[in-house]
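In: Here is a sequence with its predicted model. Questions after.
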Amino acid sequence: MPSLNYRCYAIPEISALRHPLILGVTPPPQCPHSIDKKPFAYTMMGGEGRISLNLHRKLFHIFIVLLTLYAGWSCVPSDQGSAGTNLIPKSKDTQVVILGTGTPNINPRRFGACVAIIVNGKPYLVDFGPGTVQQASAAYEAGIKALAMQNLTIAFLTHIHSDHTAGFADLILTPWILGRTQPLRVFGPPGIIAMSNHILSAYRRGIRMRIEGAEKADPSGYKVFSEEIKPGLIYEDDNVKVKAFPVKHGAFQYAFGYRFETPSRIIVISGDTIPTESLIANATGCDILIHEVYSMAWFQSHSPKDQKYHASSHTSSLELAEIANRTRPRLLVLTHQLMQPEETEQDLLNEVRRHYKGKVAYGRELNVF
């Protein structure tokens with residue numbers, strides 16, 4: 001796979017990165033979002049005269065870049081910014097791809113919770129928040145071919161909150177429409193079977209039309225085999241062992257974290273949780289710990305009622321530093337980040353690093369570890 005070491009931005013009709021005049025940037029090779037068209041000639045009428053923007057191309061394209069950064073879609077593969085490079089040695093058989101770090105708060109540059117663990121070319125998804133399928137497609141276009149639609153056949157759910165499950169119908173149906181022939185296997189807390197059945201029931205007419213109509217879709221690829229899990233070893237194949245452990249997330253009776261044991265790595269995903277001893281036990285000495293977090297400024301900005309809820313449901317930056325000090329992962333990756341609008345990634349990293357001196361990365365969409 002080519003090194004994913006660039007950032008690209010695109011908007012319809014013009015790709016600003018085609019033009020090396022823009023802020024001294026040159027386009028990445030074979031950027032999937034570049035648009036190979038000639039620059040357009042724009043004319044503005046106003047005031048006393050007629051201004052040709054061809055005479056001010058550089059200024060115009062700077063405006064386009066800024067506009068895109070503000071409102072456009074962005075693709076940020078692995079080794080960008082705070083994710084850094086060489087934070088953890090590359091594995092010959094295992095990749096971790098952050099597909100979504102989002103929360104219930106709307107942010108057009110973040111997608112619903114989802115992590116893909118790829119072992120020997122086979123992907124295993126954890127959570128399927130809104131945008132999961134689109135992000136898998138974006139990762140595929142960026143060179144991670146294991147995330148082709150037909151390969152999305154197995155997933156694990158941490159808990160039944162909408163920001164972790166709103167992409168479920170899409171995960172069931174879209175890969176099937178695009179060629180998946182195997183049923184989707186899903187492991188999760190009690191409630192996952194009912195959710196699967198209700199989604200299939202809601203779409204039953206559309207499913208039947210795709211199978212019996214002119215499309216002649218595969219008769220098995222839409223099916224879902226759901227299993228309600230208990231703590232312990234819940235899945236094993238030639239690539240991976242997956243263990244579930246209970247975590248505490250507000251009033252949820254059933255919420256889980258997951259420990260993946262691959263030939264070369266141990267990866268632990270916290271799910272949404274407060275600090276728990278079960279997580280400490282499963283994460284101690286792991287290679288990668290992917291853990292949710294909120295900043296202290298964000299917490300303090302809320303009402304006492306909201307503070308009580310979040311303190312019983314999520315993990316603060318200070319608490320996460322203590323968890324990391326106890327578990328000593330080779331790499332800690334922050335996800336599901338809750339921060340004030342004016343705070344930066346570096347602000348949150350600094351909060352954690354103030355009390356933990358190990359390696360920490362701020363997880364972002366399409367980071368690869």
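Out: That came through fine.
In: Quick check: phi and psi at residue 258.
Out: phi -130, psi 140 (degrees, to the nearest 10).
In: Go ahead and confirm it touches residue 242.
Out: Yes - the criterion here is C-beta atoms under 8 Å, and residue 258 meets it with residue 242 at 6.0 Å. Where C-beta positions appear, they are placed from N, C-alpha and C, glycine not excepted.
In: how near is residue 92 to residue 286?
Out: 18 Å (C-beta to C-beta, to the nearest Å).
In: More neighbours: which of the two?
Out: residue 286 (21 against 8; other C-beta atoms under 10 Å).
In: Any regions of this structure where pLDDT drops low?
Out: For the chain, residues meeting the criterion pLDDT under 70 lie at 1-86.
In: Show me the domain layout of it.
Out: 8-74, 77-155+230-362 (automatic domain parsing).
In: quick revisit: any common contacting residues for residue 258 and residue 242?
Out: residue 156 (C-beta atoms under 8 Å, 6 or more residues apart in numbering).
In: Those two: who's more crowded?
Out: Between residue 258 and residue 242, counting by other C-beta under 10 Å, residue 258 is the more crowded of the two (28 against 22).
In: Let me see the contact set for the residue nearest to the more buried one when sequence neighbours are not counted.
Out: Excluding the flanking residues, the one nearest residue 258 by C-beta to C-beta, 6 or more residues apart in numbering is residue 269, at 4.9 Å. Contact analysis of residue 269 by C-beta under 8 Å, 6+ apart lists 115, 126, 158, 257-258, 260, 290.
In: Likewise for residue 241?
Out: 233, 235, 260-261.
In: can you list those in a markdown table and add distance to residue 138 and secondary structure?
Out: Listed next are these as a markdown table, based on distance: C-beta to C-beta, whole Å; DSSP: H, G, I helix; E, B strand; the rest coil:
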| residue | distance to residue 138 | secondary structure |
| --- | --- | --- |
| 233 | 32 | strand |
| 235 | 26 | strand |
| 260 | 22 | strand |
| 261 | 28 | strand |
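In: which of those are buried?
Out: For the contacts of residue 241, burial is judged from neighbour counts taken by 16 or more other C-beta atoms under 10 Å, and it is met by 235, 260-261.
In: How many residues are close by the residue nearest to residue 190 when sequence neighbours are not counted?
Out: Nearest residue to residue 190, sequence neighbours excluded (C-beta to C-beta, 6+ apart): residue 228, at 4.9 Å. Residues lying near residue 228 (other C-beta under 10 Å) number 14.
In: and if you look at residue 355?
Out: Residue 355: 14 neighbours (other C-beta under 10 Å).
In: give me every residue that touches the closest residue to it other than its chain neighbours.
Out: Nearest residue to residue 355, sequence neighbours excluded (C-beta to C-beta, 6+ apart): residue 321, at 3.7 Å. Contact analysis of residue 321 by C-beta under 8 Å, 6+ apart lists 351-356.
In: In strands, which of these appear?
Out: In strands, judged by DSSP state E, none of the contacts of residue 321 are found.
In: that older thread, ChimeraX command for the buried members of the contacts of residue 269?
Out: Here is the ChimeraX selection string for the buried members of the contacts of residue 269, based on 16+ other C-beta under 10 Å:
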select :115,126,158,257,258,260,290
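In: wait, the residue nearest to residue 190 sits on residue 193?
Out: Yes - contact criterion C-beta under 8 Å: residue 228 and residue 193 qualify, at 5.9 Å.
In: Tell me where the stretch 151-300 of the chain has strands.
Out: 154-156, 184-188, 224-228, 232-236, 241-246, 256-261, 266-269, 288-294 (DSSP state E, counting those that start in this stretch).
In: Pick the most deeply packed of those.
Out: Neighbour counts (mean count of other C-beta atoms under 10 Å) averaged over each of the strands of the stretch 151-300 of the chain peak at strand 288-294, with a mean of 27.
In: Output the contacting helices and strands for it.
Out: strand 94-100, strand 266-269, helix 317-327, strand 331-338 (3 or more C-beta pairs under 8 Å, 6 or more residues apart in numbering; DSSP states H and E).
In: for the ones you listed, which one sits closest to residue 209?
Out: Between residue 209 and the helices and strands packed on strand 288-294, the tightest spacing by C-beta to C-beta is seen for strand 94-100, at 29.7 Å.
In: Compute the inter-axis angle for that closest one and strand 288-294.
Out: 20 degrees (axes from the mean of the first three to the mean of the last three C-alpha atoms, to 10 degrees).
In: Return the residues in contact with the residue nearest to residue 110 when sequence neighbours are not counted.
Out: If the residues on either side of it in the chain are set aside, residue 110 comes closest to residue 102, at 4.1 Å by C-beta to C-beta, 6+ apart. Counting by C-beta under 8 Å, 6+ apart, residue 102 touches 110-113, 129-131, 163, 336.
In: now the helices for this protein?
Out: Shown for the chain, the helices assigned by DSSP state H span residues 57-71, 132-141, 162-165, 168-177, 192-202, 204-212, 277-283, 296-300, 304-311, 317-327, 345-353.
In: can you tell which of those helices is closest to residue 96?
Out: Closest among these, using C-beta to C-beta: helix 132-141, at 11.5 Å.
In: List the buried residues in the closest one.
Out: Neighbour count says helix 132-141 has 132-140 buried, by 16+ other C-beta under 10 Å.
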